[in-house]
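J.: below: sequence and its predicted model.
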Amino acid sequence: MGQSVSTSKSTGGAQCPVDHNSLKPASCPVDHNSLKTSSQTPAQCPVDHQNKSPSSSSTQKQLAECPVDHSSLNQMPTLSQQPSPNQTITLPTARTESSILRDGSTKWDYPSPQQFYNALVRKGWETPEEHIETMVEIHNFLNEQAWQEVLKWEKRATDNTADVELARFKGRPGELSPKARFWLLAGWLFPSRFNTEPPFDRHDWIVRRPGSGEEVRYVIDYYSAPPDPDGSPVFSLDVRPALDSFASMKERIALATEEVWADFRETKSS
């Protein structure tokens, strides 16, 4: 639960500073019948990378970093649906509805390809128009995986996860979480085991629980993980409740203990 691996376009071969040998793959909404079934095989991204491969390292970096400004702790910012100056390709303006509840009756909508492109232009990034739709699919896929990890945590605290809501969120890409700092220190102390590559993005999600209305803050660190043997890039998401309350601390300690015992029993049996 703490960290899940999600395959999609990333920065190439950037290494995550955690030990991925023990990570479990994230669930993916694609047909895996033709894929490997090993528990060590990362989930595959629902994007056809054979025909949509970016053409530059700069483009690959943009695929990893979210261009949408989530700096304020509120709803998705309003982004223009109008074509940008010098835009040569007509981009879709339809927005995809997520699986994430916003309140009791509505769900969050992801930015349209046109809005995503406008965000890139506003930030002054290289704007490969022909890859924008692919980038949006990757962006949405990662957020869906993050939400599934949040729900795994929520199942430990409440029986009714169907009504759990994402009340608001905030992007904090320039701020390292305490856990991310720990892994960077581990990489400095043990360079042969860990890398010093920091997460490329961070989000704080405020989740509201049904019934009680209790709000819980979750921290999500987005890492570029080692690529698959076939070269397919991978993302690793580290999702966990922030240490804002005794209940959250208790859950994190309990899960860590369970995982240690599970690894011990697996090692002993093998």
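T.: Looks like it came in fine. Everything quoted here is computed from the prediction, not taken from an experiment.
J.: quick one: strands adjacent to the longest strand along the chain?
T.: Of all the segments assigned as strand in the chain under DSSP state E, the longest by residue count is strand 215-225. Its sheet considered, strand 215-225 pairs with strand 201-208 (antiparallel), strand 234-241 (antiparallel) by DSSP bridges.
J.: which parts of that strand are buried?
T.: For strand 215-225, the neighbour count (16 or more other CB atoms under 10 Å) marks 216, 217, 218, 219, 220, 221, 222, 223, 224, 225 as buried. Quick note: C-beta positions are derived from backbone N, CA and C, even for glycine.
J.: from the residues you listed, which is closest to residue 180?
T.: Relative to residue 180, the closest of the buried residues of strand 215-225 is residue 221; by CB to CB it sits at 5.3 Å.
J.: isn't the closest one up against residue 235?
T.: No: the criterion here is CB atoms under 8 Å, and residue 221 misses it with residue 235 at 10.7 Å.
J.: select, from the buried residues of strand 215-225, the two members most distant in space.
T.: 216 and 224 (27.2 Å).
J.: for the protein, what spans make up the helices?
T.: 57-64, 113-123, 132-155, 178-189, 246-269 (DSSP state H).
J.: elements contacting the second one?
T.: On a contact count with 3 or more CB pairs under 8 Å, 6 or more residues apart in numbering; DSSP states H and E, helix 113-123 meets helix 132-155.
J.: buried set for the helix it packs on?
T.: In terms of neighbour count (16+ other CB under 10 Å), helix 132-155 has its buried residues at 132-151, 153-154.
J.: just how off-centre is that helix within its chain?
T.: For helix 132-155, the distance from its own C-alpha centre to the chain's C-alpha centre is 6 Å (CA atoms, centre = their mean, to the nearest Å).
J.: now it and strand 215-225, what's the angle there?
T.: 130 degrees (axes from the mean of the first three to the mean of the last three CA atoms, to 10 degrees).
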